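1. Here you go, sequence then predicted model.
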Amino acid sequence: MQAAKTPNADMRHVARRFRFCARKNVSGLRGVKDWAGLTLGLGLGLAASGILMLGLRLASSLRAGKRHDPDATDAVASVGLELSLMKTVAEVVAMLRQELKTAIDNGLDTDRVGNIRVRQLLIMEDCLIAIGFPTNSDHKGKTSLVPYIFQEANYDGISWTDKDEDLSHLSAYFELDFMVQNEGKERKEATAEEFEQYCNQSLEFIDRKQAAG
């Protein structure tokens, strides 16, 4: 019988991450008080999701044979399909943690630029754990990753403001940022209007960061 492997690599990753968090005063376990003002918005969002799921169950029962308006049922089902394609808070947190593990395993936290990005990923994780997806401008700005990656994108000729652009080695960062800023929706799922709003907000966050120094 093969002996169980000791997860030394995972333990080293955890220890290294704790050391990094301690140095940067970022815990990954911040309370709601650090993200004040969003709890109500999160509750309303969850309530809306519950109402939508009730509507989907109703549509399902109607399709089973009861008299109904086909157009109305199809409309509800269409909204439900869009919702199903969106990532949950837990799924995005898992993706952030995987990206953090990859970054730390590759020693990016020891590089000046990489260190800043790792810290920002931890702030994004903090926010999602505390109150879910950010919904107001101040918290969206605080969690935005774009101010820390747009210069590299521009230098490498990556047009990040183009929805269908190949984001190359920055793909994971831009995808995670979009999902956090848009309540779990992926770039490819965004409408032209939603994507334009995201770009305009991101440019505003860049200006804020540069003005703050």
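-> Alright, I've got the coordinates.

2. Show me what the helix or strand that contains Gln201 packs onto, helices and strands only.
-> Counting by DSSP states H and E, the element that carries Gln201 is helix 192-212. The contact analysis (3 or more Cβ pairs under 8 Å, 6 or more residues apart in numbering; DSSP states H and E) places helix 192-212 against helix 137-143, helix 171-181. C-beta here means a position set from N, CA and C on the backbone, and glycine is covered the same way.

3. got the buried residues for the last one?
-> Of the residues in helix 171-181, those buried by neighbour count under the rule 16 or more other Cβ atoms under 10 Å are 173-181.

4. which one of those residues sits closest to Gln197?
-> Comparing those against Gln197 with Cβ to Cβ places Gln181 closest, at 9.6 Å.

5. ok, the closest one - contacts?
-> By Cβ atoms under 8 Å, 6 or more residues apart in numbering, the contact set of Gln181 is 134, 140, 143-144, 198, 201-202.

6. shaky segments in the protein?
-> For the chain, the stretches with pLDDT under 70 are 1-84.

7. Spit out the contact partners of the nearest residue to Arg187 once chain neighbours are set aside.
-> Closest residue to Arg187 apart from its sequence neighbours, by Cβ to Cβ, 6 or more residues apart in numbering: Phe178 at 4.8 Å. By Cβ under 8 Å, 6+ apart, the contact list for Phe178 reads 185-187, 190, 198.

8. between the helices and strands packed on helix 192-212, which gets nearest to Gly114?
-> For those, the distance to Gly114 is smallest for helix 171-181, at 11.2 Å, taking Cβ to Cβ.

9. tell me the angle the closest one makes with helix 192-212.
-> 100 degrees (axes from the mean of the first three to the mean of the last three Cα atoms, to 10 degrees).

10. Keeping just the C-alphas, turn helix 171-181 into CSV.
-> Extracted as CSV, the C-alpha positions of helix 171-181 are listed here (Å, rounded to 0.1, in the frame of the first residue of the first chain):
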residue,chain,number,x,y,z
SER,A,171,-5.6,37.2,-19.6
ALA,A,172,-6.2,35.7,-16.1
TYR,A,173,-5.7,39.2,-14.5
PHE,A,174,-8.1,41.0,-16.8
GLU,A,175,-10.7,38.2,-16.6
LEU,A,176,-10.6,38.2,-12.8
ASP,A,177,-10.9,41.9,-12.7
PHE,A,178,-13.9,42.0,-15.0
MET,A,179,-15.7,39.3,-13.0
VAL,A,180,-15.1,41.1,-9.7
GLN,A,181,-16.2,44.4,-11.2
